[in-house]
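Asks: for reference, the sequence and a predicted model appear below.
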Amino acid sequence: LEESLAILMYDLAGADSELRFSPFCWRTRFAVAHKRLELRTIPWRFTEKDAIAEFGTERVPVILDNGKGVHDSWHIAEHLEAAYPDRPSLFDGPTGRGLARFISNWTDITLHPLIARWKVNDIFAVIHERDREYFRASREARFGRTLEGLATAALDAAEGFDNALAPLRATLERQRYITGEAPFYADYIVCAAFQWISALNPHEWCDANDPITRWRFDVLAEYQRNLKEV
Ligand SMILES: N[C@@H](CCC(=O)N[C@@H](CS)C(=O)NCC(=O)O)C(=O)O
């Protein structure tokens, strides 16, 4: 039997080290499972910049693969695709990779800021105590408002998020996955944003009549199947 290959990932954790809510780390988690590789994680907190400084970044995910450090979820996906060409493809070729890049930018530029505004206080509530001061200062600077001010606008952000999902919903009414018949990295990118939300509130986004809910459960079921094949 082939010795199973393990990828090590620094993964953002809450005060409870089991709480893993980073959407970028979820992308990598899905990608590693898609490649049928074993994942081991190191819980990491926002202020533990020193632990990853040697990799030239202040953000997670960072992975270690055979001693090679790679950071940035997109670069990690490209690394896995190049390093494990005999494993299932994450992009299904250059056209798929090109479209996945659009989905990545749509998610980063349109979806994430709305989720961040909506959930910033829920995140603040679950992070480690020693991260609090840094998180408050960095997010208040990013959004130009206090956390208390952002709380009053949370429902507007939630509504904005729902409106932004219209193209996704229209797509999933007609096809099983973003990429068609089977899930690829583009699906994981968007599903990871929902993992961020559901890590903070498991009951959010469970409307059984929403095609997005059906799709999320299909992607998560595929992820569970992939984990069993590692
Ligand atoms: N472009 C990066 C973004 C990674 C990122 O922003 N990670 C967040 C966690 S979701 C982080 O590490 N934040 C650290 C901080 O805010 O100080 C990627 O795709 O990996």
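Replies: Arrived safely. Please read these numbers as outputs of a predicted model, since none were measured by experiment.

Asks: please make it C-alpha for all contacts and neighbour counts, starting now.
Replies: Fine.

Asks: where does this protein have low pLDDT?
Replies: Along the chain, the parts satisfying pLDDT under 70 run over 1-4.

Asks: spell out which parts of it neighbour the ligand.
Replies: For the chain, the contact set with the ligand under C-alpha under 6 Å from any ligand atom comprises 22-24, 46, 59-61, 72-74.

Asks: now for these: which two are most distant?
Replies: Spatial extent of these (C-alpha to C-alpha) is set by the pair 46 and 74 at 20.0 Å.

Asks: all helices of the protein, in order?
Replies: Ranges of helices in the chain, per DSSP state H, are 23-34, 49-52, 73-83, 94-106, 112-126, 132-143, 147-152, 154-164, 166-174, 185-200, 211-228.

Asks: would you reformat those as TSV and include mean neighbour count?
Replies: Listed next are the helices of the chain as TSV, based on neighbours: other C-alpha atoms under 10 Å:
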stretch	mean neighbour count
helix 23-34	25
helix 49-52	14
helix 73-83	17
helix 94-106	15
helix 112-126	19
helix 132-143	14
helix 147-152	15
helix 154-164	16
helix 166-174	14
helix 185-200	22
helix 211-228	17
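
Asks: out of these, nearest to residue 16?
Replies: For residue 16, the closest of the helices of the chain is helix 112-126, at 7.7 Å, according to C-alpha to C-alpha.

Asks: packing partners of that closest one?
Replies: If you count contacts as 3 or more C-alpha pairs under 8 Å, 6 or more residues apart in numbering; DSSP states H and E, helix 112-126 packs onto helix 132-143, helix 147-152, helix 154-164, helix 185-200.

Asks: and the nearest residue to residue 177 once chain neighbours are set aside, how far from the ligand?
Replies: Distances taken as C-alpha to C-alpha, 6 or more residues apart in numbering put residue 183 closest to residue 177, at 5.8 Å, once the chain neighbours are dropped. As judged by C-alpha to the nearest ligand atom, to the nearest Å, residue 183 and the ligand stand 19 Å apart.
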